[in-house]
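1. From the sequence below, what's the structure:
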Amino acid sequence: MPANRLLRGGAATPIPGSRPVPADAGVPGVRSGSADRVGTEAGRAAPPPAAHDRPGVTVSPGLVEAVRTRLATARVEPSAAHVAVALRAEKAVLGDAEILTVARALCADLIGAGPLEPLLAEPDVTDVLVNGPGEVWIDDGQGLRRTSVTFPDEESLRRLAQRLAAAAGRRLDDASPHVDARLAGGVRLHAILPPLAPGGTCVSLRLPPRRTFTLAGLVSAGTIHPEAVGVLTAVVGARLAFLVTGGTGTGKTTLLSALLSLADPRERLLLVEDSAELRPDHPHVVRLESRPANVEGAGAIGLHDLVRQALRMRPDRLVVGEVRGREVVDLLAALNTGHEGGCGTLHANKAADVLPRLEALACAAGLSREAVHSQIAAALDVVVHLVRDHGGGRRRVAEISVLRRRSSTLVEAEPALIFTPDGRTLTGPAFADLSDRVPGVVP
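-> Numbering: from 1, shown residues only. Below is the predicted model of the structure:
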């Protein structure tokens, strides 16, 4: 049954095999059709209390499954009233608390994220990783840790993965056993089924940032060294073009959102992203979001197309959420034609790898190596590189580099400021160049 069918209210419908009862029977204070609904955007709604989290309330999984079957047959939403009708049909005598527990559990399983709901609602969680029905891990900024959450069986996990894929307009079955999609609210979904995953269905959910950090907040979190605040503020104020780089999960989007919040309120920010993850605290933000292909493989609109559209929308700052394809050519061309202050994020293991990465992307899009470096030399100024420390998993700015052209005509990223894990700030060979581009910068 489609998930949106479960969102519609209405009077309780008689369940096959039962006799009609008043809509509010046995559930004081709950009106007909006023189910405790779980939001369709993963992580945005408050988590439904699971039966094992409510003292003194236990409901057998078999009874929940029987109620689920009756509701699916009747094509009604899992509201408290409908659950009460189905329970009566099962000849189960339960109190109000148990009825509401069953209703919440069914909502989470049918139109929410099932056992994952409480994890998605935790404010610091950025990743939820399911390695089969008996193993769920999360990353809450302190590194990966295993949770006590499990699924009853492989079938329930597979059902959840398929429903999430369907919500994104994609299919997940034996003929198409893996999916990479974007859910409502910017949640990234990846799922893969057995036998490709022999240990059971694997689901990976990457959540967008829940809030916008200020630079002061990032200093408190240990992401930014206090001496870097003035430099980063000056880079934004001077309208230098920059890239925020780092590996997966290092906090690139979080830092870029904080830096964009420093832009002049009179500027118009055009954000081009695969999914709306950037959340700058700024009064004039216009978002463009790519669209994946439909189930027939048609209708895709990528970042390359959107960057071109953004250039016709009078941007003061053009921002590409993640540079990873041929859109790099349009971005570099834009930054070379009067669009100062542009920025974006890029995956790179270290700052020195940024140029080879840009070179590979641009050459794949048709530019020669010499043309790529000529464009980069004229378009980009600074690289802010993040790393994630081993052990504790702390995300931090490790280096601020300047892009400089060498005598060989190739561009290199040379460190201007280096921030060590023990809190020291070192100046690099490009510090004088950074000071020239941003007068007054003193670490």
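
2. What is the least confident helix or strand in this protein?
-> helix 96-111 (a mean of 65; mean pLDDT, DSSP states H and E).

3. which residues in the stretch 301-443 of the chain form helices?
-> Ranges of helices in the stretch 301-443 of the chain, per DSSP state H, counting those that start in this stretch, are 303-311, 327-335, 354-364, 369-379, 431-437.

4. Which of the ones you listed sits closest to residue 198?
-> helix 354-364 (33.3 Å; C-beta to C-beta). Every residue, glycine included, has its C-beta placed from N, CA and C.

5. Give the bridge partners for residue 192, please.
-> Counting by DSSP bridges, residue 192 forms beta bridges with residue 178, residue 202.

6. And the pLDDT at it?
-> Note on residue 192: pLDDT of 97.

7. That one against residue 201, yeah?
-> Yes. At 7.2 Å, residue 192 counts as touching residue 201 under the criterion of C-beta atoms under 8 Å.

8. Looking at those two, which one has more neighbours?
-> residue 201 (26 against 16; other C-beta atoms under 10 Å).

9. For the more buried one, which residues are in contact?
-> Contact analysis of residue 201 by C-beta atoms under 8 Å, 6 or more residues apart in numbering lists 130, 132-133, 154, 157-158, 161, 191-194.

10. Backbone dihedrals for it, both of them.
-> Backbone torsions of residue 201, given as degrees, to the nearest 10, read phi -50, psi 130.

11. repeat for residue 118
-> Here residue 118 shows phi and psi, under degrees, to the nearest 10, equal to phi -60, psi -30.

12. From the structure, what's the count of residues near it?
-> Neighbour count for residue 118, taken as other C-beta under 10 Å: 18.

13. separation between it and residue 263?
-> Separation of residue 118 from residue 263 (C-beta to C-beta, to the nearest Å) stands at 37 Å.

14. so which of the contacts of residue 201 comes closest to residue 227?
-> The shortest approach to residue 227 among the contacts of residue 201 belongs to residue 130, at 40.9 Å (C-beta to C-beta).

15. Would you verify that the closest one is located in a helix?
-> No. Residue 130 is assigned strand when assessed by DSSP: H, G, I helix; E, B strand; the rest coil, not a helix.

16. Contacts only, for it.
-> Counting by C-beta under 8 Å, 6+ apart, residue 130 makes contact with 116, 136-137, 151, 157, 201-204.

17. can you pull up the bridge partners for it?
-> Here residue 130 sits in beta bridges with residue 136, residue 203, as judged by DSSP bridges.

18. Tell me how far it lies from residue 156.
-> Taking C-beta to C-beta, one finds residue 130 at 11 Å from residue 156.

19. Quick check: chain neighbours aside, which residue is closest to residue 124?
-> Distances taken as C-beta to C-beta, 6 or more residues apart in numbering put residue 140 closest to residue 124, at 4.3 Å, once the chain neighbours are dropped.

20. for the strand ranked longest in the chain, which positions count as buried?
-> Counting residues, the longest strand in the chain under DSSP state E turns out to be strand 395-405. Residues of strand 395-405 classed as buried by neighbour count (16 or more other C-beta atoms under 10 Å): 395-403.

21. Of those, just say which sits nearest to residue 258.
-> Within the buried residues of strand 395-405, proximity to residue 258 (C-beta to C-beta) peaks at residue 397, which comes in at 11.0 Å.

22. Contact partners for that closest one?
-> For residue 397, the contacting residues are 223-225, 228, 255, 384-386, 419, by C-beta under 8 Å, 6+ apart.

23. Redo those residues as CSV? Include neighbour count.
-> Formatted as CSV, these follow (neighbours: other C-beta atoms under 10 Å):
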residue, neighbour count
223, 22
224, 26
225, 20
228, 22
255, 24
384, 27
385, 28
386, 24
419, 21
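
24. Select from those residues every entry located in strands.
-> Per DSSP E, these map to strands at 384-386, 419.

25. out of those residues, who's nearest residue 147?
-> For those, the nearest to residue 147 is residue 386 (26.1 Å; C-beta to C-beta).

26. does the closest residue to the closest one other than its chain neighbours have beta-bridge partners, and which?
-> Spatial nearest neighbour of residue 386, excluding adjacent residues (C-beta to C-beta, 6+ apart): residue 246 at 3.6 Å. Applying DSSP bridges to residue 246 gives these bridge partners: residue 347.

27. quick one: contacts for residue 246?
-> So residue 246 contacts 252, 345, 347-348, 385-388 (C-beta under 8 Å, 6+ apart).

28. What is the nearest of the residues you listed to residue 371?
-> Looking across the contacts of residue 246 and measuring by C-beta to C-beta, the closest to residue 371 is residue 348, at 20.8 Å.

29. Hmm, residue 354 and the closest one touching each other?
-> Yes. Residue 348 is within contact range of residue 354, at 4.9 Å (criterion: C-beta under 8 Å).

30. what's the closest residue to residue 143 other than its chain neighbours in contact with, if anything?
-> Nearest residue to residue 143, sequence neighbours excluded (C-beta to C-beta, 6+ apart): residue 393, at 3.2 Å. When contacts are counted by C-beta under 8 Å, 6+ apart, residue 393 is found next to 139, 141-144.

31. All good on my end, thank you.
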